[in-house]
Every structure is written in C-alpha cells, then in structure tokens.
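*Asks:* Take this sequence and fold it.
(one chain, ligands or ions: 2)
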Amino acid sequence: MKVITAIIRPFKLDDVREALAEVGVTGLTVTEVKGFGRQKGHSEIYRGAEYVVDLIPKIKLEAIVTDALCEAALESIINAARTGKIGDGKLFVTDASEVVRIRTAEVGADAV
Ligand SMILES: Nc1ncnc2c1ncn2[C@@H]1O[C@H](COP(=O)(O)OP(=O)(O)OP(=O)(O)O)[C@@H](O)[C@H]1O
Ligand SMILES: [Mg+2]
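*Replies:* Ligands and ions are numbered 1, 2, ... in the order given. Reported below is the predicted structural model:
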C-alpha cells in the first residue's frame, strides 16, 4: 500500500478529485495548508492577487492506494493539477506498512 501526498493549487481540487475517482481511488483526505517552494522570497499570483509573503495557500491531498493503482493515480493527479506555471505543487509517495478499516478491522487492500 502507498500513501500519495500531493500539494496542489486550491482551485485544482475538484479537477484532481474527479480524476482520482475516474482511476478508482475511493477515499481522500484534504487539508488547507500554506507553503513555499523554490521561489521563496518571490511573489506568486493566487486568485488574481500577488502574494508578496512567501507562504502561499495550497491544498494537501492524501490518498491511500494499492500498489497496483499508484502509478495511474499519480498520472491522473499530474494531468489534472498541472498549469505549467510556477507553483503547480509537489507530489510524493510513501509506503504504508499498515492500513485498517476501523469499522470492520479489515486490513491491507481490503481496507482501502
Ligand atoms: N521541498 C519541499 N518540501 C515540502 N513542501 C514543499 C517543497 N517544495 C514545495 N512544497 C510545497 O508545495 C507547494 C508548491 O510548491 P511549488 O510548486 O512552488 O514547488 P517548486 O519546487 O517551487 O516548483 P515550481 O518551480 O514549479 O514553482 C509549496 O507551497 C509547498 O507547500
Ligand atoms: Mg515554486
């Protein structure tokens, strides 16, 4: 099992959600976050306003997926979240050593 974490532009959330649903991702956790990347100290446009501060609002999205689904999920996030401009975000994958559905105590792929 893998955990995909993606930091994306807030306005891209709906597109990314739909794209993930299409490839079979069944659950998501979404958090409002702030951050910066390589251009720290430079401004970035967010909702038409230029941010001179270096912490830009972003959405952090976490999805637990089976190994088999991981590549398709990554591809769908990249396609849906990309604008080609600076600040499109970051994506990383970590191993999940255990996944449990609390209601049923199912584990692993059955718990996703
Ligand atoms: N090295 C990092 N560690 C943790 N979070 C990061 C890192 N780089 C970027 N982020 C997060 O991702 C968000 C978007 O980063 P961003 O897309 O600007 O990355 P970048 O490397 O500067 O790429 P680009 O040159 O396309 O802007 C940041 O606001 C921050 O929340
Ligand atoms: Mg950047």
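
*Asks:* My read is that residue 12 contacts residue 80, right?
*Replies:* Yes - here residue 12 lies in contact with residue 80, judged by CB atoms under 8 Å, at a distance of 6.5 Å. Where you see a C-beta, it was placed from the backbone N, CA and C, and this is true even at glycine.

*Asks:* Distance from the chain centre to the one helix or strand residue 77 maps to, please.
*Replies:* Taking DSSP states H and E as the definition, one finds residue 77 inside helix 67-81. How far helix 67-81 lies from its chain's middle: 10 Å, per CA atoms, centre = their mean, to the nearest Å.

*Asks:* what comes up buried for it?
*Replies:* 69-70, 72-74, 76-77, 80-81 (16 or more other CB atoms under 10 Å).

*Asks:* any idea how far residue 31 is from residue 22?
*Replies:* Applying CB to CB, to the nearest Å, the value for residue 31 to residue 22 is 22 Å.

*Asks:* cool, residue 58 as well?
*Replies:* From residue 58 to residue 22 the distance is 23 Å (CB to CB).

*Asks:* Which one's more surrounded, these two?
*Replies:* Shown here are residue 58 and residue 22; by other CB atoms under 10 Å, residue 58 has more neighbours (23 against 11).

*Asks:* right, and the more buried one touches residue 9 too?
*Replies:* Yes - the pair residue 58 / residue 9 is scored as a contact, 6.8 Å apart, by CB under 8 Å.

*Asks:* Residue 46 pairs with what?
*Replies:* residue 49 (DSSP bridges).

*Asks:* And the next helix or strand past the lowest-mean-pLDDT helix or strand in the chain?
*Replies:* Least confident helix or strand, the chain: strand 49-51 with a mean of 65, by mean pLDDT, DSSP states H and E. Following strand 49-51 in sequence order, the next helix or strand is strand 56-65 (DSSP H and E).

*Asks:* where's that next one relative to the chain centroid, distance-wise?
*Replies:* Distance of strand 56-65 from the chain centroid (CA atoms, centre = their mean) equals 4 Å.

*Asks:* Now do it, average pLDDT.
*Replies:* The pLDDT scores in strand 56-65 average 96.

*Asks:* ok so, going back, which residues are common contacts for residue 58 and residue 9?
*Replies:* residue 89 (CB atoms under 8 Å, 6 or more residues apart in numbering).
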